[in-house]
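Engineer: structural data only, the sequence is not supplied:
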């Protein structure tokens, strides 16, 4: 037999091929161990691979809550890039930890708002995982509300002869176009990893 799967590895295997989850809900104990429920620390869990850096794109971010999740998974020392929309003195502060880079996104149009909720996780083997979800990075959205979370498989770094790595849906081209549209230099490492 092979190695025993961690809880989150078993959840990802059970969710294939769609990899769609709902968040665990504090006041609904049935979700705490359900195969289709996931929490932020599950997404960052070391059994899914050794992270080297992460990108969090969101509208609202509560920095203390977010870093607590990284601390719980012992990844709080890794480079973290945060793109955010809502005004946030904690993220605008010059006192951010040296491994955190925060960039506020202001829409080019007067009536728009930056509302994306997405993560890009980079691993030591060069692979990348994309997570698209409906929750702001604030405790209220993750503790007691049902949110949707799509977690990609780990996408391996492609060799020279591996082809484009594009899916039938064109997801790779779409996410690259989307990330490049920001015109934020801190995203270049994630764009390069996905390419």
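Structural biologist: Received, thanks. Predicted model only: the values in this text are computed from it and were never measured.

Engineer: now do the strands in this protein.
Structural biologist: 20-23, 37-38, 51-58, 80-84, 100-104, 118-123, 128-133, 148-151 (DSSP state E).

Engineer: out of those strands, which is closest to residue 173?
Structural biologist: Among these, strand 128-133 comes nearest to residue 173, with 13.2 Å by C-beta to C-beta. Every residue, glycine included, has its C-beta placed from N, CA and C.

Engineer: find the nearest non-adjacent residue to residue 59, please.
Structural biologist: residue 85 (4.2 Å; C-beta to C-beta, 6 or more residues apart in numbering).

Engineer: mind listing what the one you found touches?
Structural biologist: Applying C-beta atoms under 8 Å, 6 or more residues apart in numbering to residue 85 gives the contacts 58-60, 104-105, 113-115.

Engineer: shaky segments in this structure?
Structural biologist: 1-2, 159-163 (pLDDT under 70).

Engineer: if we can go back for a sec, so which pair among the contacts of residue 85 is furthest apart in space?
Structural biologist: Between any two of the contacts of residue 85 (C-beta to C-beta), the greatest distance is 13.6 Å, for 104 and 115.

Engineer: ok, the residue nearest the centre of the chain - contacts?
Structural biologist: Central residue of the chain (C-alpha atoms, centre = their mean): residue 119, 2.2 Å from the mean position. Going by C-beta under 8 Å, 6+ apart, residue 119 touches 43, 54-57, 129-131, 133.

Engineer: closest to residue 143 out of these?
Structural biologist: Out of the contacts of residue 119, the member with the shortest distance to residue 143 (by C-beta to C-beta) is residue 133, at 14.3 Å.

Engineer: burial count for that closest one?
Structural biologist: Residue 133 is flanked by 22 other residues according to other C-beta atoms under 10 Å.

Engineer: and what of residue 117?
Structural biologist: 20.

Engineer: one more: the one 5 residues further on?
Structural biologist: Here the neighbour count serves as a burial measure; for residue 122 (other C-beta under 10 Å) it reads 23.

Engineer: my read: it touches residue 52, true?
Structural biologist: Yes: if you go by C-beta atoms under 8 Å, residue 122 and residue 52 touch, sitting 5.1 Å apart.
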